[in-house]
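> Sequence first, predicted model second:
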Amino acid sequence: MTTRILFSGFGGQGILTLGQLIATIALNKGKEVTWMPSYGAEMRGGTANCSVIISDKMIGSPIANTNIDILCAMNIPSIVKFEDKVRPGGQIFINSSIIKDGIARTDVDALHIDASNIASKVGDLRVANMVMLAGFLQKTNLFTFEDVEEVLKQRFSGTRNEHLIPLNIEAVKQGMEATV
Amino acid sequence: MKMLMKGNEAICEAAIVAGCKAFFGYPITPQNEIPEYMSLHMVKAGGAYVQAESEIGAINMCYGAAASGVRVMTSSSSPGIALKQEGMSYLAGANLPCVVVNVSRSGPGLGGILPAQGDYFQMTRGGGNGDYYTPVYAPFSVQEAVDLIFKAFDVADKYRTPVQMVADGMLGQMMEPCVIEPRPAVKVDKSWVTDGNSGKRPRNIVNSLNLSAEGLEQMNIQRFAQYKEIEKNETLVDYRVNDGDEIVIVAYGAPARVAVNAVDELNESGIKAGLIRPVTLWPYPYASFQNLPASVKHILVCELSMGQMIDDVKIAVAGKYPVHFYGRCGGVIFEPSEIVEAATKIVKGGA
């Protein structure tokens, strides 16, 4: 079983961090995993994306911008660029606070998450990425809420950002409640 | 413990654990995580870190550090590696161990910052002036990069030669689980080093200048005798060819991961395909091409270049098989489907 995930959004929306958290969860679960950021002549405020591939066997190319199983799209350019690259029957998690027109595809499983607005209500727009985790928790069996709690502790405990753990967990919870 | 690390950072951590005590570098994308990581962790490990004034400065600092007997490393990306060639030739001429990491990018000239493999000729044919080679390691995963860094320092010390590792932006930027644990280093005699003798032994001199024609010829002959030993002992290859395979794909480095996908897809589609992945580019695993199964009809070389390693494959097969090529360049990375299509056309078309 191999899952090809592409995270895409504006620089600053926490796309790369979200991908790293999920990659770390996969590592914790003993899976093969790769995390690969897009890099190029990127500019501040421009688009960012990263590929995460999770598998039970050795992973070949770490780039998941075609034949995507799960697209986690946080802004409109992400939909323009990658909607067509999702495999039929794949999943698209849409930050509907920003992507108001939804998507054109009807052969994929789409979940609209009001991520940016929920994040603002929780207290910090920067946790919109964590709200998007609701898509994975509601629609996939890749990991559980407890796995998310564990990885946040693993990453932030003992750092200057330790106090942000409750905020991030609250963002995940609110995302789940909004998408029940 | 398994950690999720970027290739560039894992290379650094492995180097530090392998006992590297000095790093000299100069910024260039896509290897900037290397000097960044070293600037913090090399210093914490009690080593020396200098951001040099240029790539040329950095490689010559390596010369000095190597002559003093410490394990030393520098890194850069293709145009910067080109600048280092004079220093690498001097290191080779002075028989100095050093590890040079090339997180390569597309060229020629300043080129672009995306993955490419256009430095093959430069890396495997000496690169600088004079008669010399350097062992070249081409890992395709973060863990393999870690393992080969340990190897690179050992081989550099054992044979007193500069050693290169080539990665690219794909391997450098990607994160993968890896384990970095101390392992025993090769024991070598370093009585030749210039570390200050307080008059207690004859003075050591480290130099690449030799104005005696016969003397220099003898030095080169001795160096090439070492190269024979390196060819015999240090050639590495990932050989995945099975009886029944019709086509063998040859690829190296991170782009070989795409070839791994392509080989899987080909076998699923009913075309029996194998893979030869040279792990050392010099010495080249020529012998791996000598005893291919009788079922093999075609060789397909896949590179992110206009075709450079293909020359070594042609030397290896010596006309026994048709050698085909599929490549992309300029920073474009082939997708598995492109290799599958190229291989299918060759096998089905009997080209």
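Thanks, I have it.

> Poorly predicted segments of the chain, please.
Using chain A here. A:40-45 (pLDDT under 70).

> To clarify, I was referring to chain B.
Using pLDDT under 70, chain B drops low at B:350-351.

> Now the residue of it found nearest chain A: which helix or strand?
Relative to chain A, the nearest point of chain B is B:Asn261 (3.5 Å; Cβ to the nearest Cβ). To be clear about C-beta, it is placed using only N, CA and C from the backbone, and glycine gets the same treatment. B:Asn261 belongs to helix B:255-268 when assigned by DSSP states H and E.

> Now that helix - C-alpha only, CSV.
Extracted as CSV, the C-alpha positions of helix B:255-268 are listed here (Å, rounded to 0.1, in the frame of the first residue of the first chain):
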residue,chain,number,x,y,z
PRO,B,255,17.1,9.9,-10.4
ALA,B,256,17.6,6.2,-10.2
ARG,B,257,14.6,6.2,-7.9
VAL,B,258,12.5,7.1,-10.8
ALA,B,259,14.0,4.2,-12.7
VAL,B,260,13.1,1.9,-9.8
ASN,B,261,9.4,2.9,-10.2
ALA,B,262,9.7,2.4,-14.0
VAL,B,263,11.2,-1.1,-13.6
ASP,B,264,8.3,-2.0,-11.3
GLU,B,265,5.7,-0.7,-13.8
LEU,B,266,7.4,-2.4,-16.7
ASN,B,267,7.4,-5.8,-14.9
GLU,B,268,3.7,-5.3,-14.0
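
> Tell me the helix or strand right after the longest helix along chain B.
Using DSSP state H, we find that the single longest helix of chain B is helix B:213-234. Next along the chain after helix B:213-234, taking DSSP H and E as the criterion, comes strand B:237-240.

> Strand partners (parallel or antiparallel) of that next one?
Partner strands for strand B:237-240, per DSSP bridges, with pairing direction: strand B:273-278 (antiparallel).

> For the residue of chain B closest to chain A, the count of nearby residues, please.
Neighbours of B:Asn261 under the rule other Cβ atoms under 10 Å in any protein chain shown: 17.

> Next, the angle strand B:273-278 makes with the helix holding B:Asn261.
160 degrees (axes from the mean of the first three to the mean of the last three Cα atoms, to 10 degrees).

> Let me see the residues that make contact with helix B:255-268.
Contacts to helix B:255-268, defined as Cβ atoms under 8 Å, 6 or more residues apart in numbering or on different chains, come from residues A:58-62, B:115, B:117, B:140-141, B:168, B:170, B:238, B:240, B:247, B:249, B:251, B:272-275, B:277, B:302-304, B:333-337, B:339-340, B:343-344.

> Same question for stretch A:73-86.
Against stretch A:73-86 from outside (Cβ under 8 Å, 6+ apart): A:6-10, A:13, A:15, A:47, A:49, A:65-69, A:71, A:92-95, A:98-99, A:103-105, A:108, A:115, A:128-129, A:132.

> and for stretch B:293-301, what are the contacting residues?
Residues contacting stretch B:293-301 (Cβ under 8 Å, 6+ apart): B:241-251, B:272, B:274, B:289, B:307, B:309-310, B:313, B:317, B:321-326, B:339, B:342-343, B:346-347.

> Quick check: buried residues in it?
B:296, B:298-301 (16 or more other Cβ atoms under 10 Å in any protein chain shown).

> and that stretch, how far out from the chain's middle?
The chain centroid and the centroid of stretch B:293-301 are separated by 26 Å under Cα atoms, centre = their mean, to the nearest Å.

> export it as CSV, just CAs?
Taking C-alpha atoms only, stretch B:293-301 is exported to CSV below (Å, rounded to 0.1, in the frame of the first residue of the first chain):
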residue,chain,number,x,y,z
PRO,B,293,21.4,-13.3,-18.2
ALA,B,294,21.1,-14.6,-21.8
SER,B,295,17.6,-13.2,-21.9
VAL,B,296,18.9,-9.6,-21.9
LYS,B,297,18.5,-8.0,-25.4
HIS,B,298,18.7,-4.3,-24.7
ILE,B,299,20.4,-1.8,-22.4
LEU,B,300,18.6,1.6,-21.7
VAL,B,301,20.7,4.3,-20.0
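
> Give me every residue in chain A lying close to chain B.
A:20, A:23-24, A:27, A:32-37, A:39-41, A:58-63, A:66 (Cβ under 8 Å from any Cβ of the partner chain).
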